[in-house]
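# Let's see this in three dimensions:
(chains A and B)
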Amino acid sequence: ILNVEQSPQSLHVQEGDSTNFTCSFPSSNFYALHWYRWETAKSPEALFVMTLNGDEKKKGRISATLNTKEGYSYLYIKGSQPEDSATYLCAPSGTYKYIFGTGTRLKVLA
Amino acid sequence: DSGVTQTPKHLITATGQRVTLRCSPRSGDLSVYWYQQSLDQGLQFLIQYYNGEERAKGNILERFSAQQFPDLHSELNLSSLELGDSALYFCASSVAVGDYGYTFGSGTRLTVV
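Numbering: from 1, shown residues only, chains lettered A, B, ... in the order given. Below is the predicted model:
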């Protein structure tokens, strides 16, 4: 049974705090790791597609790293803002294509 | 606007009925995916089509079926509806099969009463 785990399930931080969360996935037959941002009442929006071990992507204050050998990815948000409040989803591609993790729900308090 | 169009946005129907959800992918995208999000659940993969052909199947019930037409739009048919089928149904598209990010539509909220 596929297990894509994201932790923590939810997170409350103060505005200005930096934060990070984890996506863990089976590393066998792995091709890529996708991160999505999902705001309430909207649809998921692609953030990053990561393919290489040691790959690091950055988009403004958000960055992500990937470890394909051990099967995890970290998403970092620097200086969190209220508009960063959303659910962050990861989805590995490969044997387990199209499967999304259950997400980390981030709430940034002003 | 993501470029992926889903209709209708909301649908309320009775148990035992049949409904059709429609998705038009982003221009140039050949692959369409359907996902279901039930209350307090994550996105559950249902089915994927690429250029008119079924390419992958997830946890799709036998009462559900889908197809992709020559103009690349896709329809998800849900029949013999049960209360538990109430959910948000998302369509997503990508340019091809592979390591491409998905573009999601805004979803169809189905309520079965």
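# Can you show me the helices along chain B?
In chain B, no helices are defined using DSSP state H.
# How about the residues of it by chain A?
Residues of chain B found near chain A (C-beta under 8 Å from any C-beta of the partner chain) are B:2, B:33, B:35, B:41-43, B:45, B:48, B:56, B:58, B:90, B:92, B:98-107. All C-beta atoms are positioned from the backbone trio N, CA, C, and that covers glycine.
# Mind checking which of those are buried?
By neighbour count, with 16 or more other C-beta atoms under 10 Å in any protein chain shown, the residues of chain B next to chain A hold B:2, B:33, B:35, B:42-43, B:45, B:48, B:58, B:90, B:92, B:99-107 as buried.
# Can you flag which of these belong to strands?
If you go by DSSP state E, those have B:33, B:35, B:45, B:48, B:90, B:92, B:103-104 in strands.
# so A:Lys69 sits right up against A:Asn53, yeah?
Yes. A:Lys69 lies in contact with A:Asn53 (C-beta atoms under 8 Å); the separation is 6.0 Å.
# Let me see the contact set for the spatially most central residue of chain B.
Nearest residue to the geometric centre of chain B (C-alpha atoms, centre = their mean): B:Trp34, 3.4 Å. Counting by C-beta atoms under 8 Å, 6 or more residues apart in numbering or on different chains, B:Trp34 makes contact with B:23, B:45-48, B:60, B:66, B:74, B:76, B:89-91.
# B:Tyr35 now?
Contact partners of B:Tyr35, counting by C-beta under 8 Å, 6+ apart, are A:100, B:43-46, B:89-92.
# Also B:Gln41?
A:Thr102.
# if I look at the residue nearest to the centre of chain B, how far off is B:Thr13?
18 Å (C-beta to C-beta, to the nearest Å).
# Among the contacts of B:Trp34, which one sits closest to A:Tyr36?
B:Phe90 (11.3 Å; C-beta to C-beta).
# Surely that closest one and B:Gly105 touch.
Yes. With contacts counted by C-beta under 8 Å, B:Phe90 reaches B:Gly105, the gap being 6.3 Å.
# Give the residues shared as contacts by the two.
In contact with both B:Phe90 and B:Gly105: A:43, B:6, using C-beta under 8 Å, 6+ apart.
# which intervals of chain B have sub-threshold pLDDT?
Low-confidence regions of chain B, defined by pLDDT under 70, span residues B:97-99.
# what's the spacing between A:Ser7 and chain B?
Separation of A:Ser7 from chain B (C-beta to the nearest C-beta, to the nearest Å): 14 Å.
# check contacts around the residue nearest to that residue when sequence neighbours are not counted.
Residue nearest to A:Ser7 in three dimensions, not counting chain neighbours: A:Thr22, with 5.1 Å by C-beta to C-beta, 6 or more residues apart in numbering or on different chains. Contacts for A:Thr22 (C-beta under 8 Å, 6+ apart) come out as A:5-7, A:72-75.
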